[in-house]
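Chemist: turn this into a model:
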Amino acid sequence: MDTTTNTTDSEMLTTYIDYDATPCQTVAVQAFAFHFLPSLYSLVLIFGLLGNALVVLIFVTYKKLKSMTDIYLLNLAISDLLFIVSLPFWAYYAADEWIFGNELCKILSGVYLAGFYSGSFFIILLTIDRYLAIVHAVFALKARTVVYGILTSVVTWCLAILASVPGMVFNRLQKENNRFACTPHFSSETQIRWNQFLTLKINFIGLIFPMMVMTFCYVQIIRTLMRCRNDKKTKAVRLIFIIMIVYFLFWAPYNIVLLLQTFQSSFHLDSCEDISNLAIAVQATETLAMAHCCINPVIYAFAGEKFRKYTCMFFRKHVALPLSKHCSVLSRESLYRSTSAYSHSNGEQDISAVL
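Modeler: Numbers count the residues shown, from 1 in each chain. Below is the predicted model:
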């Protein structure tokens, strides 16, 4: 038996197409996926699920939907949950093969992409919402309403679903190297062009357009804040830089590596070693990009004073107080006293839109 072509599933070679030469087979890519991706996906799933589920719970229990910002924050959490709900399937797929059938292959591909696109769109909307609240405060009184928030959210979800249609159409169950895979299928004549188009679309929606909007809006916000006298100005400016830097650090590596892999011939990266290294880099940086959904609740929700207050109230009521019944160390009186410290809160000022 020729052991170079007949191996176990866990060691199965994954073929990466070199457009100018013969297919290049490598064990390293599949080995990386088998040993690292399931664990990394699981961590993203756990922390992303806890953080975003808590955001949804706080909105439903306490905060309600009283402003456009609330609507966008809730939708961002839902899009992140939609994004990570398919991760258990992809984690198993990375460790073994696709065993969930053709229908789930298409559905989960669409769900994954819809979560990705909607997350990017709602981050853009939150940025514009902050811009209107700070730079155009008078106009924002008419524009930043719950009705407009709902309408723009519906349009955003429609655009996200529309953008994810190619994933549902082209992804399907197929046999690759004696291993069932859930991958895009194109005709040989259009494969290169479709791959290039989809990569450019991901780069534009996932990195270029959000960074353009963030750069413009936050520059205007900083200029406005620098002219006003407010004790929270320094904190607001610092948070703005954190938002932009974190988004760039999480998404830029994946988009750059994906671009290099898709246009590898143009960058003279067509050797087997280059193809293997790019494939591993795509897997690693994609996981890093996924982890951004774990950071979103911290940056966009928990950074706000009122949201932190509601979170503390939730944990005191549903975690600390029930535990105090079974633990004499915890004092019910002290818990209620600490909760009362949050009972009086003033309305959020315009600058709180960036806090």
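Chemist: give me the helices and strands touching the helix or strand encompassing Asn277, please.
Modeler: Following DSSP states H and E, one finds Asn277 within helix 272-290. Helices and strands touching helix 272-290, as assessed by 3 or more CB pairs under 8 Å, 6 or more residues apart in numbering; DSSP states H and E, comprise strand 14-16, strand 24-26, helix 27-35, helix 37-58, helix 233-262. Just so you know, the C-beta spots here come from the backbone N, C-alpha and C atoms, and that holds for glycine as well.
Chemist: how about a cut-off of 7 Å?
Modeler: For helix 272-290, the elements it packs on are strand 24-26, helix 27-35, helix 37-58, helix 233-262, judged by 3 or more CB pairs under 7 Å, 6 or more residues apart in numbering; DSSP states H and E.
Chemist: can you put these in CSV and add mean neighbour count and mean pLDDT?
Modeler: Below are the helices and strands packed on helix 272-290 laid out as CSV (neighbours: other CB atoms under 10 Å; pLDDT from 0 to 100):
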stretch, mean neighbour count, mean pLDDT
strand 24-26, 19, 58
helix 27-35, 17, 76
helix 37-58, 18, 89
helix 233-262, 17, 84
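Chemist: distance to Asp96 for those - can I get that in TSV?
Modeler: Compiled in TSV, the helices and strands packed on helix 272-290 are given as follows (distance: least, CB to CB, whole Å):
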stretch	distance to Asp96
strand 24-26	18
helix 27-35	8
helix 37-58	9
helix 233-262	24
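Chemist: so which of these is nearest Tyr131?
Modeler: Tyr131 lies closest, by CB to CB, to one member of the helices and strands packed on helix 272-290: helix 233-262, at 10.8 Å.
Chemist: and the angle from the closest one to helix 272-290?
Modeler: Interaxial angle of helix 233-262 relative to helix 272-290 (axes from the mean of the first three to the mean of the last three CA atoms, to 10 degrees): 150 degrees.
Chemist: strands of the protein, residue ranges please.
Modeler: 14-16, 24-26, 171-175, 180-184 (DSSP state E).
Chemist: could you pull up the mean pLDDT of the third one?
Modeler: What it means is strand 171-175. Strand 171-175 carries an average pLDDT of 89.
Chemist: for that strand, buried residues please.
Modeler: Asn171, Arg172, Leu173 (16 or more other CB atoms under 10 Å).
Chemist: mind listing the residues bridging to the last one?
Modeler: Judged by DSSP bridges, the bridge partners of Leu173 are Cys182.
Chemist: could you list the low-confidence segments of the stretch 1-150 of the chain?
Modeler: In the predicted model, the stretch 1-150 of the chain carries pLDDT under 70 at residues 1-27.
Chemist: with the stretch 251-355 of the chain instead?
Modeler: Short version for the stretch 251-355 of the chain, where the test is pLDDT under 70: 318-355.
Chemist: change it to 50
Modeler: Low-confidence segments of the stretch 251-355 of the chain (pLDDT under 50): 329-352, 354-355.
Chemist: would you map out the domains in the protein?
Modeler: As assigned by automatic domain parsing, the chain contains the domains 11-303, 304-341.
Chemist: now, of those, which is deepest in the fold?
Modeler: Neighbour counts (mean count of other CB atoms under 10 Å) averaged over each of the domains of the chain peak at domain 11-303, with a mean of 17.
Chemist: how far is it from where the chain is centred?
Modeler: 4 Å (CA atoms, centre = their mean, to the nearest Å).
Chemist: gap between the spatially most central residue of the chain and Leu132?
Modeler: Relative to the mean C-alpha position of the chain, the nearest C-alpha, by CA atoms, centre = their mean, is the one of Cys293, at 3.8 Å. Distance of Cys293 to Leu132, computed by CB to CB, to the nearest Å: 25 Å.
Chemist: swap in Leu239?
Modeler: For Leu239, the distance to Leu132 - CB to CB - is 17 Å.
Chemist: what of Leu225?
Modeler: Taking CB to CB, one finds Leu225 at 14 Å from Leu132.
Chemist: excluding chain neighbours, what is closest to Pro220?
Modeler: Quick fix: residue 220 is Gln, not Pro. Once flanking residues are discounted, Gln220 sits nearest to Val135: 4.9 Å by CB to CB, 6 or more residues apart in numbering.
Chemist: which ones are touching that neighbour?
Modeler: Counting by CB atoms under 7 Å, 6 or more residues apart in numbering, Val135 makes contact with Gln220, Ile221, Thr224.
Chemist: coming back round to it: and of the helices and strands packed on helix 272-290, who's closest to Gly167?
Modeler: Among the helices and strands packed on helix 272-290, if distance is taken as CB to CB, the winner is helix 233-262, at 14.6 Å.
Chemist: what helices and strands are in contact with the closest one?
Modeler: Counting by 3+ CB pairs under 7 Å, 6+ apart, helix 233-262 packs on helix 191-203, helix 209-227, helix 272-290, helix 292-296.
Chemist: could I get the ones you listed in a markdown table, plus columns for distance to Phe83?
Modeler: Shown next, in a markdown table, are those (distance: least, CB to CB, whole Å):
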| stretch | distance to Phe83 |
| --- | --- |
| helix 191-203 | 14 |
| helix 209-227 | 15 |
| helix 272-290 | 7 |
| helix 292-296 | 6 |
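Chemist: which one of the ones you listed lies nearest to Val85?
Modeler: So among the helices and strands packed on helix 233-262, helix 292-296 is nearest, using CB to CB, at 10.9 Å.
Chemist: who touches the closest one?
Modeler: Residues contacting helix 292-296 (CB under 7 Å, 6+ apart): 44, 47-48, 51-52, 76, 80, 83-84, 119, 246, 250-251.
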